[in-house]
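Engineer: Everything below, folded, please.
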Amino acid sequence: VDPVNNPTPPEHAGVTIQPMPGRMEFYKEFLRGCAVQFGRGACDYQELERTYTSYHQAIHMKNFTANGFHKMKMPPELFERIQYYWNTNTDKIKSENQSDASINFWVHPSQMVNFEDPETTYTDEESPLDLRESILDVTQPIL
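Structural biologist: Predicted coordinates:
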């Protein structure tokens, strides 16, 4: 956060920031679960990578606003196509195949409807991969 453009509210000025209670135990439990899933060495390495990336990646990020966000509406036609694809394929939700120890998927598995899954359908004229390409065509110039 940019303190010059987002000053501390007067009611919080001079107040000591308190760490969130219970966060260290939550973190330790995350690391224990990771060690069970992948082994201690892999988790220690992944944690080192995560902290390195958190620090160094921010230096190279482009900020669109003072808080780092740029919000814009998706073209309505593309939104309608995505919504149709989702509604047509919600019965084909699958767990993602995760191997990244920085994501706690062993407790909370992430799920998705994959454009590349041959079981998904879109329309008679277009495949799910055609829709994927349309999304990329719209978003890549922005990113």
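Engineer: tell me the centre residue of the chain?
Structural biologist: Closest residue to the average C-alpha location of the chain: residue 103 at 9.8 Å, with CA atoms, centre = their mean.
Engineer: My read is that that one contacts residue 96, right?
Structural biologist: No: using CB atoms under 8 Å, residue 103 makes no contact with residue 96, being 9.1 Å away. For the C-beta atoms, the positions are set from N, CA and C on the backbone; glycine is no exception.
Engineer: Return every residue with contacts to both of those two.
Structural biologist: Common contacts of residue 103 and residue 96 (CB atoms under 8 Å, 6 or more residues apart in numbering): residue 110.
Engineer: what's the lengthiest helix in the chain packed up against?
Structural biologist: In the chain, taking DSSP state H as the definition, the longest helix is helix 40-59. Judged by 3 or more CB pairs under 8 Å, 6 or more residues apart in numbering; DSSP states H and E, the packing partners of helix 40-59 are helix 23-38.
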